[in-house]
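# Please work out how this folds:
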Amino acid sequence: MTREQLTAELVAWIQKTGLAGPIPPDRMRAMLSIGHFSQEMLGLLQCDDLELVTTISVLEKMIFDHGLRAEHLCGLHGLICQPEKIFKSATRPDSSVVIMSLETLRARPIILPIELGKRMSKGQPAVHWLSSGYAKDSQDIIARWKRDGLLIWER
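Predicted coordinates for the structure are as follows:
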């Protein structure tokens, strides 16, 4: 299945259209390809080489609700594939990871939760699903995740 690619033009369109009013629901549901994990990330995560995807809805929320900048979204593949830390999810440790970016927003680390090997619909191939992106407001949570043994890797 060929998906629309995440591009700077698409991010600019999301910003412009979102500022002008609601983005049409059919566009909000559109699945976008971010690419694939790097070989290094595949080794660290011990996961299959599947497409990394999200939706316009998730990107719109990252911009307008979580305050991420266009540069963050345009460079999303790099944020994901060149992390500072990788954690197992506290709520779904068997199937999800949390990527902590080297980039920050207002001195807070950018967190990118990804569900590995998710089936989006019956009969469709599994993907790695980027479900959100936001600046984590509590440094305490990072210490707690480490203390709880969720740290997979750190730079």
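
# so Lys136 sits right up against Pro113, yeah?
No - using Cβ atoms under 8 Å as the test, Lys136 is too far from Pro113 to be in contact (10.7 Å). (Glycine included, C-beta is placed from N, CA and C.)

# Tell me the strands beside the lowest-mean-pLDDT helix or strand in the chain, with direction?
Ranked by mean pLDDT, DSSP states H and E, the helix or strand of the chain with the weakest confidence is strand 96-105, at a mean of 80. Applying DSSP bridges, strand 96-105 is found paired with strand 83-88 (antiparallel), strand 108-118 (antiparallel).

# buried set for it?
With burial defined by 16 or more other Cβ atoms under 10 Å, the residues of strand 96-105 counted as buried are 96-101, 103, 105.

# what's the answer for stretch 78-90, then?
Neighbour counts over stretch 78-90 (16+ other Cβ under 10 Å) mark 79-89 as buried.

# hmm, who's touching that stretch?
Residues outside stretch 78-90 that contact it (Cβ atoms under 8 Å, 6 or more residues apart in numbering): 34, 37-38, 40-41, 44-45, 52, 72, 95-103, 109-110, 112-114, 130, 142, 145, 148, 150-155.

# The closest residue to Asp148 other than its chain neighbours: what secondary structure?
Nearest residue to Asp148, sequence neighbours excluded (Cβ to Cβ, 6 or more residues apart in numbering): Ala90, at 6.8 Å. Under DSSP: H, G, I helix; E, B strand; the rest coil, the three-state class of Ala90 is coil.

# With Cys47 instead?
Following three-state DSSP, the label given to Cys47 is coil.

# does it really touch Ile114, like I thought?
No - using Cβ under 8 Å, Cys47 is not in contact with Ile114, being 9.6 Å away.

# Can you check which residues contact both of the two?
Joint contacts of Cys47 and Ile114 (Cβ under 8 Å, 6+ apart) are His128.

# out of those two, which sits in the busier spot?
Using other Cβ atoms under 10 Å as the criterion, Cys47 and Ile114 rank with Ile114 on top: 27 against 16.

# Can you tell me how far that one is from Leu50?
Noted for Ile114: a distance of 11 Å to Leu50, by Cβ to Cβ, to the nearest Å.
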